[in-house]
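Trainee: 3D model of this:
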Amino acid sequence: MKITGAVLCGGASNRMGEDKATLDLLGRPMVQWVVEAMKQAGAETVVALGDRPDLELPVLADKEPGSGPLGAIIGALEQYGTLLVCPCDIPTVSSEVLREIISHSQVVKEPVVLAHSGRLEPLIGVYKEESLGLLKLGYIRGARGPKTALRVEDYATVKVLPDQVKNVNTKEDFRSVLPQFEL
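Mentor: From the prediction side, this is the model:
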């Protein structure tokens, strides 16, 4: 199965106070940790979703400003087909976790496979090409995030540990993930 890595990079980083995608984490921009995990997991190409030419990645800008992550995922599905999606601010995501999500997506009938860390992680998963219609329908109905566009029967899940998918939204979050990288 051909899969494209799609890194969500369109947020304003308000809680962090500076751009999260380019935030230095042990000498590399935070987004690069996600990109590397995606490539090691089997993504043939990795693109940045959002207007981010500064990230040294192929970029797919939002067709419609304010369309949220759902609009970005829809645009990427139309452009690239099946996607492995993850936000730029989850540097702890591993290639093993992403590989497990990809593998599970190949054996289930559901068009979406998401990480579940004790709570649903709708921005970390595989969105198969077949999910495009239901995501568009959700968008038309006003959804701007995939969680509100998806019904329970639309997705399967893969259990992950919360530390494997920790969002880095604040300086405190950033300090809390550093020990995972300092081995």
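Trainee: Now residue 38: which helix or strand?
Mentor: Using DSSP states H and E, residue 38 sits within helix 30-41.
Trainee: cool, and residue 99?
Mentor: Under the assignment here (DSSP H and E), residue 99 is part of helix 95-105.
Trainee: so what's the spatially most central residue of the chain up against?
Mentor: In the chain, the centroid-proximal residue (Cα atoms, centre = their mean) is residue 86; its distance is 1.5 Å. Residues near residue 86 by Cβ atoms under 8 Å, 6 or more residues apart in numbering: 5, 6, 7, 8, 34, 37, 38, 93, 98, 123, 124. All C-beta atoms are positioned from the backbone trio N, CA, C, and that covers glycine.
Trainee: So for the longest strand along the chain, what gets flagged as buried?
Mentor: Looking across the chain with DSSP state E, the single longest strand is strand 120-127. Residues of strand 120-127 classed as buried by neighbour count (16 or more other Cβ atoms under 10 Å): 120, 121, 122, 123, 124, 125, 126, 127.
Trainee: pLDDT score assigned to the fourth one?
Mentor: In the prediction, the pLDDT value recorded for residue 123 is 97.
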